[in-house]
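Novice: the following block contains a protein sequence and its predicted model.
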Amino acid sequence: MLLRRWMWIVWPAFLAAGVMEMLVFAFVDPLDLPRFADCAQTSRLGVCTAAFFVFWGVTIMASAMTCLLALSPQEVNGASSASA
């Protein structure tokens, strides 16, 4: 059950991070960002890769919060269903 819950969290987050990546970098050149403008050896691909993992981490946290809020109080507190 834990593996299934992880897949409920990670897979939608992966898809959302991919969509965010496409939307952001369709309008923004990665090398025009002020933080990466001074780094001559930073490539566009490197900036896009780092941004993808940041987006993925943020959406994993959002998906994890959604799964946490979907749990019953008994599941959150660790009580067995037999005692409820």
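Specialist: Here it is on my side, so go on.
Novice: any low-confidence regions in this protein?
Specialist: For the chain, residues meeting the criterion pLDDT under 70 lie at 35-40, 79-84.
Novice: ok, now with 80
Specialist: Low-confidence segments of the chain (pLDDT under 80): 1-2, 31-42, 76, 78-84.
Novice: can you give me the helices for it?
Specialist: Ranges of helices in the chain, per DSSP state H, are 2-27, 34-37, 44-70, 73-77.
Novice: got those as a markdown table, with mean neighbour count columns?
Specialist: C-beta coordinates here come from the backbone N, C-alpha and C atoms, glycine included. Shown next, in a markdown table, are the helices of the chain (neighbours: other CB atoms under 10 Å):
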| stretch | mean neighbour count |
| --- | --- |
| helix 2-27 | 13 |
| helix 34-37 | 11 |
| helix 44-70 | 14 |
| helix 73-77 | 10 |
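Novice: spatially nearest residue to Pro44, not counting backbone neighbours?
Specialist: Careful, residue 44 is Arg; it's not Pro. Of all residues not flanking Arg44 in the chain, Pro30 sits nearest, at 4.8 Å (CB to CB, 6 or more residues apart in numbering).
Novice: check contacts around the one you found.
Specialist: Contact analysis of Pro30 by CB atoms under 8 Å, 6 or more residues apart in numbering lists Phe36, Arg44, Val47, Cys48, Ala51.
Novice: 6 Å instead, please
Specialist: Arg44, Val47, Cys48 (CB atoms under 6 Å, 6 or more residues apart in numbering).
Novice: relative to Phe53, how far out is it?
Specialist: Separation of Pro30 from Phe53 (CB to CB, to the nearest Å) stands at 14 Å.
Novice: kindly report the same for Gln41.
Specialist: Applying CB to CB to Gln41 and Phe53 gives a distance of 19 Å.
Novice: state the distance from Val76 to Leu3.
Specialist: For Val76 relative to Leu3 (CB to CB), the value is 19 Å.
Novice: ok, now Ile60?
Specialist: Counting by CB to CB, the gap from Ile60 to Leu3 is 15 Å.
Novice: how about Met65?
Specialist: Distance from Met65 to Leu3, by CB to CB: 19 Å.
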